[in-house]
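Asks: predicted model and sequence below, questions to follow.
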Amino acid sequence: MEIAAETMLGIDIFQLRAMMVQYKYREVHGMLVNAEPEQFSLMYDPTPCAPEDTVLLFQGDTVLLRENESQSRFPTWRELSESVLIGTPMHAFTQGAQRFFLVDAEVTQAPAGLALAPLNVFRAFPSAQDAIALLTAYHLHRWYKQNRFCGVCGALMRAADSERALFCDQCGAVRYPTISPAVIVAITHQDQLLLARNAHGAFKHYSLIAGYVEAGESLEQAARREIREEVGLRVKNLRYIASQPWGLSQSLMVGFHAELDGDPTITLQESELAEAHWFSRDTLPDHAGPVSIAYTLIDLYRNGQLK
Ligand SMILES: [Zn+2]
């Protein structure tokens, strides 16, 4: 079963095991997700929300957080329920002993000590675990919002009782959380790394070539296509490094390393990218922060682990 699952993902299990040793997979994984992955449980817990449980309330691209940065930024159900008239919180996931819930409400005036913060606040969190928790909660929040009505018959959906799913009583349709796979690739050439800046969006830092997987593509095919489309390059020795959930775009980011194959001349896809260049280790520009697989891959290059 294990080998079959890996084969389905297009990853050679023996290559993966060798890589886990080579790249100290646990450390890479730990930085991205959780030092103890088994402590992060996405299993749906139908037990009702208790006063001490964490509750996240999103409103557009903002989230209700504690203003005091010296303590946990996440409010409890006690803090919210005493001040805001809101509905029944829905379990999202559990981190260690801390249960996270989502609640849907309009905030006209934030309770004392709390304030709506822009979602990008996660980049300043000292804890990568907290950042991933916030992004995963946002992922689930958007999925619930986008699936209030059945896509088959138009009736209202309701949360299933025993698993994380939405159910239509009228036609029997079931919807599980939508996850869009995306690839991200660190391309190296003669001790240089390719970095690019997006033409659109709020994120203005240099990063790696990335894009969504199309229906019918393997992860490797998607990586090669994105590289060809965005910078007009060919690559060889494409190897899986690590993956990371990225709730900001409801995706799972699958990180690769590849070596340039042939001509290093960049042909920019101007509709997608503002610029792209080859950088050496001592000329690498600043990155947005450690809570991303892009940062992890760039850091592996900086430390001489991608060759
Ligand atoms: Zn239906």
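Replies: The structure has been received and is ready for your questions. Since the structure is predicted, the reported quantities are computational estimates derived from the model, not experimental observations.

Asks: for the ion, what are the nearby residues on the stretch 151-300 of the chain?
Replies: Of all the residues in the stretch 151-300 of the chain, those in contact range of the ion (CB under 5 Å from the ion) are 152-153, 155, 168, 170-171, 173. For every residue, glycine as well, the C-beta is placed using N, CA and C.

Asks: as a markdown table, those residues with neighbour count would be great.
Replies: Output for those, formatted as a markdown table (neighbours: other CB atoms under 10 Å):
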| residue | neighbour count |
| --- | --- |
| 152 | 12 |
| 153 | 11 |
| 155 | 13 |
| 168 | 20 |
| 170 | 12 |
| 171 | 10 |
| 173 | 16 |
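
Asks: now do the strands in the stretch 201-307 of the chain.
Replies: For the stretch 201-307 of the chain, applying DSSP state E, counting those that start in this stretch gives strands covering 209-212, 235-246, 251-260, 273-279.

Asks: out of those, deepest packed?
Replies: strand 251-260 (a mean of 22; mean count of other CB atoms under 10 Å).

Asks: what does that one contact?
Replies: Applying CB atoms under 8 Å, 6 or more residues apart in numbering, the contact partners of strand 251-260 are 179-189, 194, 210, 212, 219-220, 223, 227, 233-246, 293, 296-297, 300, 306.

Asks: if we go to 7 Å?
Replies: For strand 251-260, the surrounding residues in contact (CB atoms under 7 Å, 6 or more residues apart in numbering) are 179-189, 219, 223, 233, 235-246, 293, 297, 306.

Asks: low-confidence ranges, the chain, go.
Replies: Along the chain, the parts satisfying pLDDT under 70 run over 1-38, 83-85, 202-203, 288-290.

Asks: measure the most centrally placed residue in it to the ion for me?
Replies: Residue closest to the mean C-alpha point of the chain, counted by CA atoms, centre = their mean, is residue 246 at 0.6 Å. In this view, residue 246 and the ion are 30 Å apart by CB to the ion, to the nearest Å.

Asks: what sits against that residue?
Replies: Counting by CB under 7 Å, 6+ apart, residue 246 touches 135, 253.

Asks: swap the cut-off to 6 Å and go again
Replies: residue 253 (CB atoms under 6 Å, 6 or more residues apart in numbering).

Asks: what's the answer for residue 191, then?
Replies: Contact analysis of residue 191 by CB under 6 Å, 6+ apart lists nothing.

Asks: fine by me, thanks again.
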